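> Pasting the sequence and the predicted model now:
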Amino acid sequence: EEGHQIHAKWQRWFQEMGTLYGKWYCLDCDEYFWGGADCHDGPLEYCEVPLFYEPLRIYGHADGWLVNLGDPLMLEIKSIGIGTIRYEANELIGIHNGDMEKIWADIKAPFMKHIQQVQIYMKLAELLGFENAPQEAVIIYENKATQDAKEFVVPKSDFSIAEKFEAAAMIIEAVNNNEAPPCNIRLGGCSKCGGYSE
């Protein structure tokens, strides 16, 4: 619940600044539309940035798309607590004896999982042919305990995600041909592949 409130707060601030772009729902019209909050009258609900690339069956949902701040930015908001640290950077707990204040001060870059997430969103926007698709993303971390925030800008790169898109294409091709994908354990198959031949 706290994470949802943190997302909603940042999205509201960007909406009030006139910088939030994406999919909106008008409560009066009962209609969805793409754009900024200023291109439609009536009470609006932000539906974020749904990204579905059907040829590879890859779906994502970015927290936002920022405009009017220079070049467009893909937005990802993360609420950070001890649970996040335990999962993403467990070594920091030991280094700082679980002191969240010291752990927070030691976060100097976004976690790799979050970098890959925004890279996938930017790649999906490119593949979908969005005009002015973001070439950078901003990742905002908010400390759940103190509301302190950190901002990281990540340039678009396919380096960390190319294998994921290649794997998706290989799986789609196998499904379309009604055959099992190649074994990722041993060339020619392993003991776990036996079920596919039945």
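Nice, thanks for sending it over. Residues are numbered from 1 along each chain as shown.

> avg pLDDT for the host helix or strand of Val118?
If you go by DSSP states H and E, Val118 is part of helix 112-127. For helix 112-127, mean pLDDT rounds to 97.

> Work out the sheet partners of whatever helix or strand comes next after that helix and label each with its direction, please.
Sequence-wise, the next helix or strand downstream of helix 112-127 (DSSP H and E) is strand 136-143. Within its sheet, and counting by DSSP bridges, strand 136-143 is paired with strand 73-80 (parallel), strand 149-155 (antiparallel).

> what's in contact with strand 136-143?
With C-beta atoms under 8 Å, 6 or more residues apart in numbering as the test, strand 136-143 has contacts from 6, 10, 66, 71-81, 100, 104, 107, 110, 114-115, 118-119, 121-122, 148-156. All C-beta atoms are positioned from the backbone trio N, CA, C, and that covers glycine.

> which of the residues in it are buried?
Using 16 or more other C-beta atoms under 10 Å as the test for burial, strand 136-143 gives 136-143.

> for Leu56, what are its contacts?
So Leu56 contacts 127, 165, 168-169, 172 (C-beta under 8 Å, 6+ apart).

> Could you provide the strands paired with strand 136-143 in CSV, with additional columns for mean neighbour count?
Output for those, formatted as CSV (neighbours: other C-beta atoms under 10 Å):
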stretch, mean neighbour count
strand 73-80, 23
strand 149-155, 14
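
> Need those in CSV (columns: distance to Gly18 and mean pLDDT).
CSV is the format used below for the strands paired with strand 136-143 (distance: least, C-beta to C-beta, whole Å; pLDDT from 0 to 100):
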stretch, distance to Gly18, mean pLDDT
strand 73-80, 14, 98
strand 149-155, 19, 98
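
> Burial check on Ile95, number of neighbours?
Residues contacting Ile95 under the criterion other C-beta atoms under 10 Å number 13.

> tell me the contacts of it?
Ile95 touches Asp106, counting by C-beta under 8 Å, 6+ apart.

> what do you get if the cut-off is 10 Å, keeping everything else the same?
Neighbouring residues of Ile95 by C-beta atoms under 10 Å, 6 or more residues apart in numbering: 89, 102-103, 106.
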